[in-house]
Each structure stands twice: as C-alpha cells, then as structure tokens.
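**Q** No sequence on hand, only this structure:
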C-alpha cells in the first residue's frame, strides 16, 4: 500500500512501483506523455495534494534498468533527468520511435 505523508503542509503520496508502472502502461504508445500528469493522476487517486517526485524518479531509474515498464513514455529526452536513465536520451528517443511503429 502506498504511504501518505505530510510535507510542508501538503499531503503527499509515496507511490509503490506497481502503481506507477500501471499508470505508465496506460499512457499512449508512440507519443511522449507528461510525467507531471502521471503524478497528478496518482495524487488524485489517493485524494492528496502531490505524488512524491523523488520516489517517482527513483522508480523510473529502476524501470529503465529492468526494461519491464515503458518508462520512455513519460520521460522527456530533452530534460536533464533523461541522462540518469539506462541508455539516456538516445534510448528514450529510440523506444518512442519503436512505439510509433
């Protein structure tokens, strides 16, 4: 079960890997989706103000290493965070292109 905490007066959900993975898998293939939108959906599902961005990034790194979740659908290859993922921005662009086929 996801943990809910309070930070700076806001209720924040710490998502579990399965929850984030399920939400990412629902994103359309072949087009980048906004990670902030994914976090908003998860927060709304829990009735809280925010979804923890640090946890989400940590999980995305894990997803990029395992290859089991289409993390590239929610990561902008032009953003600095893309460099932290397995294969970096080039891998994200490659996988988005494959999704389009």
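**A** Thanks, I have the structure now. On a predicted model such as this, the values are computed, not experimentally measured, just so you know. Numbering: from 1, shown residues only.
**Q** other SSEs contacting the lowest-mean-pLDDT helix or strand in the chain?
**A** In the chain, no helix or strand scores lower on mean pLDDT, DSSP states H and E than strand 3-7, which sits at a mean of 83. When contacts are defined as 3 or more CB pairs under 8 Å, 6 or more residues apart in numbering; DSSP states H and E, strand 3-7 sits against strand 10-14. In short, each C-beta sits where N, CA and C put it, glycine included.
**Q** quick one, phi psi at residue 23?
**A** Here is the backbone geometry of residue 23 (degrees, to the nearest 10): phi -70, psi -40.
**Q** what about it, distance to residue 76?
**A** With distances taken as CB to CB, to the nearest Å, residue 23 is found 17 Å from residue 76.
**Q** ok, now residue 62?
**A** Note on residue 62: its distance to residue 76, by CB to CB, is 19 Å.
**Q** Where does pLDDT dip in this protein?
**A** 1 (pLDDT under 70).
**Q** which residues sit against the helix or strand containing residue 91?
**A** Taking DSSP states H and E as the criterion, the element that holds residue 91 is helix 88-100. Outside helix 88-100, the residues that touch it by CB atoms under 8 Å, 6 or more residues apart in numbering are 29-32, 64, 70, 72-73, 75, 77-78, 82-83, 85, 87.
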